[in-house]
Every structure is written in C-alpha cells, then in structure tokens.
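Engineer: The sequence isn't on hand, but the structure is:
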C-alpha cells in the first residue's frame, strides 16, 4: 500500500486511462478465481491482497504513462511492480496450489529484482 501511495504522488490524472487497468483488474479476478477454492479461511485476506497488489501494478502503469518523467525511472517502476506481482503469484502457488522448490526458484529472484528496481527508481526519478 505504501507503493500505491508513492505511485499516486507521481502519476498524472490523465495517465489513468487506457486498457491496462482493465487488463490488470481482469488478471486479479482470474487469480482470485484460481485461488478461491483453495484459500479456505484466508479467502478475505487473499482477496484483499490481490486487490492491493493489482492496485499497486495499476498505479505503476499510471506512473509509466505520466509524461515528463524520466524514461529509466518510470520503466523501473513498471518493471519492478510487474516482477513483484509475478513473485506473489509464485508465493500464492506455493501456499495454496502446489508447494515446491520451483516456486521459490522462480519467485525469489522475481521478488528481489522487483524490489531492487523499485528502490532504484527513486534515484532515477529524482
């Protein structure tokens, strides 16, 4: 949610258009449908997290679409957010669908690369 707040401070209101937020929302719905039969008592927290991470990715897209910001910085924001989103799919798969080493093998590099890009974007946008 702190990424959402940070990205909201960067994104121009006009940058919220286009199909990307709808595609991200659809992806969130599909992830929810994938996890719903397996989430059990965690269904509400899982749904809330899917909403939060999808909102974060949508906000990153809006930052990417904002004119006047350095290309390297907005590219790092978008790619970092996307890698973070994908890493969370690996966590969800490991926790709710099919536990195994492959989830960590894919998820951890995605997570750390995403966080690295998001951290470095601060300097590239400043």
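Structural biologist: On my side now, so go ahead. Not measured: the values here are computed from a predicted model.

Engineer: alpha carbons only for contacts and neighbour counts from here, please
Structural biologist: OK.

Engineer: okay, now residue 33: neighbour count?
Structural biologist: Neighbourhood size, residue 33 [other Cα atoms under 10 Å]: 12.

Engineer: SS state for residue 99?
Structural biologist: coil (DSSP: H, G, I helix; E, B strand; the rest coil).

Engineer: tally of neighbours for residue 21?
Structural biologist: By the criterion of other Cα under 10 Å, residue 21 has 18 neighbours.

Engineer: doesn't residue 58 make contact with it?
Structural biologist: Yes. Using Cα atoms under 8 Å, residue 21 makes contact with residue 58 at a distance of 5.4 Å.

Engineer: Need the mean per-residue confidence for stretch 76-91.
Structural biologist: Mean per-residue pLDDT for stretch 76-91: 98.

Engineer: which residues are in contact with whichever strand or helix holds residue 118?
Structural biologist: Assigned by DSSP states H and E, residue 118 falls within helix 101-125. When contacts are defined by Cα atoms under 8 Å, 6 or more residues apart in numbering, helix 101-125 is touched by residues 69-70, 72-74, 76-77, 79-84, 86-91, 93-94.

Engineer: Would you indicate which residues of that helix are buried?
Structural biologist: Using 16 or more other Cα atoms under 10 Å as the test for burial, helix 101-125 gives 103-104, 107-108, 110-111, 113-115, 117-118, 120-121, 124.

Engineer: Okay, helices next: where are they in this protein?
Structural biologist: Assigned helices in the chain, in chain order: 2-10, 20-39, 43-65, 71-92, 101-125 (criterion: DSSP state H).

Engineer: Any idea how far the last one is from the middle of the chain?
Structural biologist: Just to be clear, that refers to helix 101-125. Distance of helix 101-125 from its chain centroid, counting by Cα atoms, centre = their mean, to the nearest Å, is 11 Å.

Engineer: okay, the angle between it and helix 2-10?
Structural biologist: Here helix 101-125 runs at an angle of 30 degrees relative to helix 2-10 (axes from the mean of the first three to the mean of the last three Cα atoms, to 10 degrees).
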